[in-house]
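Visitor: Structural data only, the sequence is not supplied:
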């Protein structure tokens, strides 16, 4: 059998496989990702003893009625990079904008359920970080109705997330008192590992959700949705569809969290950005239908940070959608005008 590392992926094979990946997952693979696709599918070809990517594609289309191998392909190709308290200012915002107001309302006799979704959660560090933040900020946690959903398209990482077990080095940069409050240290055969405590795990449920599905399996709406550093793998058409759907699944005044590398300001034709008064100064641009914000003291000669990525940094904006809902948009970092049609 020909060595997989020596096997060529023809232009036709690449087009077929990346089109299938786009159709099933929304992930946009550019030409520069051909070697990545070839390398990540090599194990699947070896598993089936195939000698060409065309054979593998034929298997996916004609010999996989249950979609089992299709899921294995998605698991192999998708990228997962995450950490506890990654972009930690987002969790400060979650505390200040959702948890503290909820706690204050509860003291006045108005205790509402809290629902949070971590979309594209990978191996679970993000939803568990949300749970740790919730536990630290809601008194008498057992009396609250809190549900946190972690979802991903990759079934392998979801299985890992459910174990709540991680290498010790994943928490080495966290404050020691935070680790003591929320993690158990492994002993014996589990030495070098940590596990989330049961009271944290009980707040989080995991499930597979494909963001490309027409219908998502939720009955209610969320107070906050995290979809961070996921949409950079999608092209603009997919990004637009996702944002429109995310808005529909947010409660009025809900929060939406995007990653620092994700620029959504081009969606201004149906999102109206309004600056947080305490932190930002709002700027009205007559040629735009949305309001944007920048930090006090920053300079923007053209009065629009989307056009001046070097000089504008925004920490918090409210977005008012054309559906009449308001949501928080958290996206720290210089604005970029680079194309969003990134691959993996």
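Guide: Okay, I see it. The model shown is predicted, which means the values in this text are computed figures rather than measured ones.
Visitor: make it CA atoms for all contacts and neighbour counts henceforth
Guide: OK.
Visitor: Now do the helices in the protein.
Guide: 11-25, 34-48, 53-62, 68-77, 89-94, 100-107, 125-137, 155-163, 176-182, 198-201, 236-248 (DSSP state H).
Visitor: Show me what the last one packs onto, helices and strands only.
Guide: Looking back up the chat, that one is helix 236-248. Of the remaining helices and strands, none touches helix 236-248 by 3 or more Cα pairs under 8 Å, 6 or more residues apart in numbering; DSSP states H and E.
Visitor: now it: mean pLDDT?
Guide: In this model, helix 236-248 has a mean pLDDT of 88.
Visitor: That helix: how far from the chain's middle?
Guide: The chain centre lies 13 Å from the centre of helix 236-248; the measure is Cα atoms, centre = their mean, to the nearest Å.
Visitor: quick one, which of the helices of the chain is packed in tightest?
Guide: helix 125-137 (a mean of 22; mean count of other Cα atoms under 10 Å).
Visitor: How about residues contacting that one?
Guide: Here helix 125-137 makes contact (Cα atoms under 8 Å, 6 or more residues apart in numbering) with 82-86, 91, 95, 99-100, 103, 117-118, 121, 141, 148-150, 161, 182, 200-201, 203-204.
Visitor: Can you give me the buried ones in stretch 162-174?
Guide: 162, 164, 165, 166, 171 (16 or more other Cα atoms under 10 Å).
Visitor: mind listing what the closest residue to residue 103 other than its chain neighbours touches?
Guide: By the measure of Cα to Cα, 6 or more residues apart in numbering, the closest residue to residue 103 outside its immediate chain neighbours is residue 138, 6.3 Å from it. If a contact means Cα under 8 Å, 6+ apart, then residue 138 has 99, 100, 103 as its contacts.
Visitor: With residue 227 instead?
Guide: Neighbouring residues of residue 227 by Cα under 8 Å, 6+ apart: 118, 119, 120, 256, 257, 258, 259.
Visitor: Assess the claim that the fifth one and residue 226 are in contact.
Guide: It refers to residue 257. Yes. Using Cα atoms under 8 Å, residue 257 is in contact with residue 226, at 4.7 Å.
Visitor: rewinding a little: and which of the contacts of residue 138 is nearest residue 237?
Guide: Ranked by distance to residue 237 (Cα to Cα), these are led by residue 99 at 33.5 Å.
Visitor: how close does the closest residue in space to that closest one that isn't next to it in sequence sit to residue 175?
Guide: Nearest non-adjacent residue to residue 99, counting by Cα to Cα, 6+ apart: residue 137, 6.5 Å away. From residue 137 across to residue 175, the span is 17 Å (Cα to Cα, to the nearest Å).
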